[in-house]
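Asker: 3D, please:
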Amino acid sequence: MKQDRNGMLLTQITQAIYKKADAEHLDKDRVAEFISDLQHVFRKDPKKRDMRCWASGSGLSLELHHIAGRNNSELTCTLSKRAHVSLSNKQQTWDSRWVCADNSDELRNSFVVNGVYELLVEKHFRTGIKDYRIMADALPNLIKSYREKVDSMTKKDTKQKTRASLGSAAKQKDSFSDLLYKNCIYESEYAMIDHEGSTYRLYAGGYAVIPFSGKELMAIKDALVAHFGK
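Answerer: Residues are numbered from 1 along each chain as shown. As a prediction, this is how the structure comes out:
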């Protein structure tokens, strides 16, 4: 499964870089060399070092660097000690979730792409070759697309859990449940209630959605009572 995910990521990254390289008329041999190195990184034994730094080409003080952090991917590349320290420090500024061990595949993927981006920026810094910086600029949109998927999944999961929680609580409170059924059967089957600066969308089935303010169920009941005058 990891191999399939890595293969998909490699394809997406290389396609983005080639598209950017064509648009900016970058040196084709340099781009092809970088892509070849990247393929090597994705396919090699993650525990084995190469004979040169991936960022600078140096053969001194070589160390293994986890591109996306140990918790997100086994992918590693060989770096000089200086480059390794630089990139590890940059990882400390990433989304705080990068240190978690239970991230979704989409979030892990975003960190892998982010890691390749940082490698290209470091390669530009170490070599002074502008083409690497331009290739790096091909990746933020791919990172963004994965983050948007993560955000969408998180919101959906939060909404489902909140609705399930409130629905279960409503069933345990007969008076509240009855009040909803008596007063919220409209064409759209919900009523908008304003209460203490927050707006609740109350459904006939006992669900409170928008926003997930964390207010107690009884506060929603009070809002309904105040609204309907019962």
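
Asker: Now do the strands in the chain.
Answerer: Along the chain, the segments classed as strands by DSSP state E run 62-66, 76-80, 190-195, 198-203, 208-209.

Asker: Those strands: lowest mean pLDDT?
Answerer: Note on the strands of the chain: strand 208-209 shows the lowest mean pLDDT, a mean of 42.

Asker: Distance check, residue 81 against residue 73.
Answerer: 22 Å (CB to CB, to the nearest Å). C-beta here means a position set from N, CA and C on the backbone, and glycine is covered the same way.

Asker: Between those two, tell me which one has more neighbours.
Answerer: Counting neighbours by other CB atoms under 10 Å for residue 81 and for residue 73 shows that residue 73 has the greater number, 21 against 13.

Asker: Give the residue spans of this structure that score low on pLDDT.
Answerer: Low-confidence segments of the chain (pLDDT under 70): 1-3, 153-230.

Asker: all helices in it, in order from the N-terminus.
Answerer: Using DSSP state H, the helices of the chain run over residues 2-24, 28-43, 81-91, 105-127, 130-136, 140-172, 174-183, 217-228.

Asker: who's in contact with the third one?
Answerer: This points to helix 81-91. Defining contact as CB atoms under 8 Å, 6 or more residues apart in numbering, one finds that helix 81-91 is touched by 53-56, 61-63, 65, 69, 79, 98, 115, 118-119, 122, 125-126.

Asker: Please list only the buried members of those residues.
Answerer: Burial by neighbour count, judged by 16 or more other CB atoms under 10 Å, picks out 53-56, 62-63, 65, 69, 79, 98, 115, 118-119, 122, 126 from those.

Asker: Let me see the contact set for residue 113.
Answerer: Here residue 113 is in contact with 9, 12-13, 139, 142-143, 146 (CB under 8 Å, 6+ apart).

Asker: and with 6 Å instead?
Answerer: Neighbouring residues of residue 113 by CB atoms under 6 Å, 6 or more residues apart in numbering: 139, 142-143.

Asker: how near is it to residue 58?
Answerer: 25 Å.

Asker: same question, residue 84
Answerer: 11 Å.

Asker: more neighbours, those two?
Answerer: Remark: of residue 84 and residue 58, residue 84 carries more neighbours, 22 against 16, as counted by other CB under 10 Å.

Asker: For that one, give its distance to residue 129.
Answerer: Counting by CB to CB, the gap from residue 84 to residue 129 is 20 Å.

Asker: Nearest spatial neighbour of residue 134, chain-adjacent residues omitted?
Answerer: In space, residue 134 comes closest to residue 24 once its chain neighbours are excluded; the distance is 5.2 Å by CB to CB, 6 or more residues apart in numbering.

Asker: For residue 51, see how far away the one you found is.
Answerer: Taken as CB to CB, the span from residue 24 to residue 51 is 31 Å.

Asker: out of those two, which sits in the busier spot?
Answerer: Set residue 24 next to residue 51 and count neighbours by other CB under 10 Å: residue 24 wins out with 14 against 7.

Asker: hang on, that one packs against residue 133?
Answerer: No. Using CB atoms under 6 Å as the test, residue 24 is too far from residue 133 to be in contact (10.5 Å).

Asker: Walk me through the domains of the protein.
Answerer: For the chain, automatic domain parsing gives the domain ranges 2-138, 158-228.

Asker: Give me the contact list for stretch 118-136.
Answerer: 17, 24, 26-27, 30, 55-56, 83, 87, 90, 117.

Asker: Just give me the closest of these to residue 42.
Answerer: residue 17 (13.3 Å; CB to CB).

Asker: which residues touch that closest one?
Answerer: By CB under 6 Å, 6+ apart, the residues touching residue 17 are 135, 138.
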